[in-house]
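Asker: Just need the structure, nothing else, for what follows:
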Amino acid sequence: MGFFDRFAQKKTTPQVSNAETAAGAVRTKLVAARERLEAKDVAGAVAIYEEVLATDGDRPDVLVTISGDLGVTGNVKEIVELVAPRYDAERHGPATGINLLQAYLVLRNVEAAQHLLDILFALKRPDLEERLYGFSNAIAELMQSENAPVDAGAAGGGREVAKVNLVSISKPIWFYGLEPLAEQVLAPKEGRLRRVGFGQLATPGIADAQAAERPEEEMGRLSRAIPLWLAETFHFTPHYAPIAAVGLVERHYALFPSEWTAENLRQLVETTEGGLDYIFTGAIRQKAGDYELVLRVWEVKKFRERKTFTARWTPATADVELAKLHEQIRVFMEWMPAKGGLKYAPPVSPRAWLEMLGASLTLFLGEKNLLPAEQIPPMDDVVARTADAAVGNEAASLAFLTLRNRSEKLGVAARIEAELAASELIARARGL
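Answerer: From the prediction side, this is the model:
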C-alpha cells in the first residue's frame, strides 16, 4: 500500500491476483515445513522445501527463510544441500549468503567458507564489513585448528572425544542458598518475557584436553564468569528471563577451542524450558597481559547475528573497559531496572566481581558433587577480596556470605569476617 492509498476516499473491493494467491501458498508451505522441523521431522520438511524450490527457488525471501529455519533448528547440512546450489550473491543478496557461510563453518568446510566469504566481500557493502571480518577471523581460527598437531593418544584411537554437557544457571550464582529471601532479592517479572541465554566463552589457544582437566585457571574462570555476570544483570530487569550456560565434561569444566556452533546453540535452546529468543556467545583471549573479548548477540528465531561487541583491556584498565562494555550491552538490549527486589547497581570493580562469580560457580558445582575436590583450588584470596567489597551494597554482602559459607563447607578457605551492608535483608541472610 502506497502513501496516497492510505488517504484515498474511494473504497473498492480488494481483488486478489493469481500472483498473490501463489505467494500465499508458498508462505503456507514454508510455515508447514518449519512446523515439521520443530517436530523433528527433517525428512518431511526437506520434501516440502524441495517442492517450493522447484517452483520458487530463485526468490531471495524463499532462500533466506529456508536457510534460516534450517539453521536455527540445527540442520546445517541441509542448508548446504538445498540452498548452496541455487545461491547467487548478486541476485539473492547477502542474508542467505551469511546463513550459508555459517553452515560451512559449522561443518568445518574451510575451502567453501573462504570462497563464499570472498564473494560476499566482492559485494562491497560497507554495512557488512564488520560481520565479514568476524567471519574471516573465524575461518583463520578454523584453519589454525585444522593444521594443529594431532594428539597422539587421540589419533591412535585410545581416547574418544567426550560429550560436553551444558549446565544452566537460572538465578544469580550467589543467590543459591538464599531461597527463603527470593521475594526480597529477585526482581518481579512483567508481561511477555524475552528469554536470553549467555553461553560460556571460547578460549582459543588454551582449550586442549589437558588444560581442561587441570583445576581452573584465570582464562577458564573468565570464560564462565562473564556470562554469569551478564545473566545476573538481566535478572534485575522486569522483561527478561535470563540463564547462563557452562560446559562440563565428565568430572571437570569444558573449555571451548572456538566459538559456539549452531549445534551448541540448538542444544541450549532445546534444553531450556520455553526456548530462547536471544543467545550471547563469544571468545576471550589473553596475550602478553592484554585481554580481548568478542561477544555476539544471536536472534534465535531468524538465526542471525544481531550485534557484535568488543572490549580490550590490560590489568590496569580492566574495570573501566568492562564497565563500558556492560553499559553498552544494557543500552542495546533496552535494559531497565526492576521496581521490586534487590536494587541493582553495577559493581564498582567488575574484574573483582568476575573473580567472585567464577569462584562461586566452582564452589556451587563442588557442593552439588558435579566437580570433584581436586578440581577446586584454594579460595582464600578471592574470599578476602570479596570481603573487602562486601560493605558496598546488599548484593556484594550476599555474595560474600554465600561464597564464605561454601568455601568453609568444602574446606578451601579459612573463615574471615567482613563488614556488611546495614539492612534487614542482610540481617536475615546472616541468619540463614
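Asker: The stretch 201-350 of the chain: helices as residue ranges?
Answerer: Along the stretch 201-350 of the chain, the stretches classed as helices by DSSP state H, counting those that start in this stretch are 209-213, 218-235, 262-270, 318-332, 350-367.
Asker: What are the buried residues along the fourth one?
Answerer: Right, the one you point to is helix 318-332. Within helix 318-332, the residues scored as buried using 16 or more other CB atoms under 10 Å are 318, 319, 321, 322, 323, 325, 326, 329, 330. Where you see a C-beta, it was placed from the backbone N, CA and C, and this is true even at glycine.
Asker: OK, contacts around the last one?
Answerer: For residue 330, the residues meeting the contact criterion (CB atoms under 8 Å, 6 or more residues apart in numbering) are residue 233.
Asker: Quick one: classify the closest residue to residue 67 other than its chain neighbours as helix, strand or coil.
Answerer: For residue 67, ignoring the flanking residues on the chain, the nearest one in space by CB to CB, 6 or more residues apart in numbering is residue 99 at 3.8 Å. At residue 99 the chain is in helix, as set by DSSP: H, G, I helix; E, B strand; the rest coil.
Asker: how deep is residue 99 tucked in, by neighbour count?
Answerer: By the criterion of other CB atoms under 10 Å, residue 99 has 27 neighbours.
Asker: I'd assumed residue 99 was in contact with residue 79.
Answerer: Yes: taking CB atoms under 8 Å as the definition, residue 79 is a contact partner of residue 99 at 6.5 Å.
Asker: which residues do these two both contact?
Answerer: Contact criterion CB under 8 Å, 6+ apart; residues bridging residue 79 and residue 99 by contacting each: 67, 71.
Asker: any idea how this structure splits into domains?
Answerer: 20-145, 162-431 (automatic domain parsing).
Asker: Now the weakest link among those domains, please, by mean pLDDT.
Answerer: Ranked on mean pLDDT, the bottom entry among those is domain 20-145, at a mean of 87.
Asker: tell me how far that one is from the chain's mean position?
Answerer: Offset of domain 20-145 from its chain centre (CA atoms, centre = their mean, to the nearest Å): 21 Å.
Asker: before we move on, what about stretch 221-238?
Answerer: Distance of stretch 221-238 from its chain centroid, counting by CA atoms, centre = their mean, is 11 Å.
Asker: Could I get the CA-only coordinates of it as CSV?
Answerer: Output of stretch 221-238 as CSV, limited to C-alpha atoms (Å, rounded to 0.1, in the frame of the first residue of the first chain):
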residue,chain,number,x,y,z
ARG,A,221,37.2,-18.7,35.0
LEU,A,222,36.7,-15.6,33.0
SER,A,223,35.1,-17.6,30.2
ARG,A,224,32.4,-18.7,32.6
ALA,A,225,32.2,-15.6,34.8
ILE,A,226,31.4,-13.1,32.1
PRO,A,227,28.2,-15.0,31.1
LEU,A,228,27.3,-15.3,34.7
TRP,A,229,27.7,-11.6,35.2
LEU,A,230,25.5,-10.7,32.2
ALA,A,231,22.8,-13.2,33.2
GLU,A,232,22.9,-11.8,36.7
THR,A,233,22.4,-8.3,35.3
PHE,A,234,19.3,-9.3,33.4
HIS,A,235,17.7,-11.0,36.4
PHE,A,236,17.2,-7.4,37.8
THR,A,237,15.2,-6.1,34.9
PRO,A,238,11.5,-6.9,34.5
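Asker: Assign residue 163 to helix, strand or coil.
Answerer: coil.
Asker: surely it meets residue 248?
Answerer: No: the criterion here is CB under 8 Å, and residue 163 misses it with residue 248 at 9.8 Å.
Asker: coming back round to it: does the residue nearest to residue 67 really touch residue 72, like I thought?
Answerer: No: using CB under 8 Å, residue 99 is not in contact with residue 72; the gap is 9.6 Å.
Asker: The residue lying closest to residue 38 once chain neighbours are set aside: neighbour count?
Answerer: Nearest-residue entry for residue 38: residue 73, 6.9 Å, with adjacent residues in sequence omitted and distances by CB to CB, 6+ apart. Around residue 73 there are 21 other residues, counting by other CB under 10 Å.
Asker: Identify the residues contacting residue 73.
Answerer: Neighbours of residue 73 in contact, by CB under 8 Å, 6+ apart: 37, 38, 266.
Asker: what about burial for the residues you listed, which qualify?
Answerer: Here, 16+ other CB under 10 Å leaves 37, 266 buried among the contacts of residue 73.
Asker: Switch the contacts of residue 73 over to a markdown table; also include distance to residue 110.
Answerer: What follows is those, written out as a markdown table (distance: CB to CB, whole Å):
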| residue | distance to residue 110 |
| --- | --- |
| 37 | 27 |
| 38 | 31 |
| 266 | 22 |
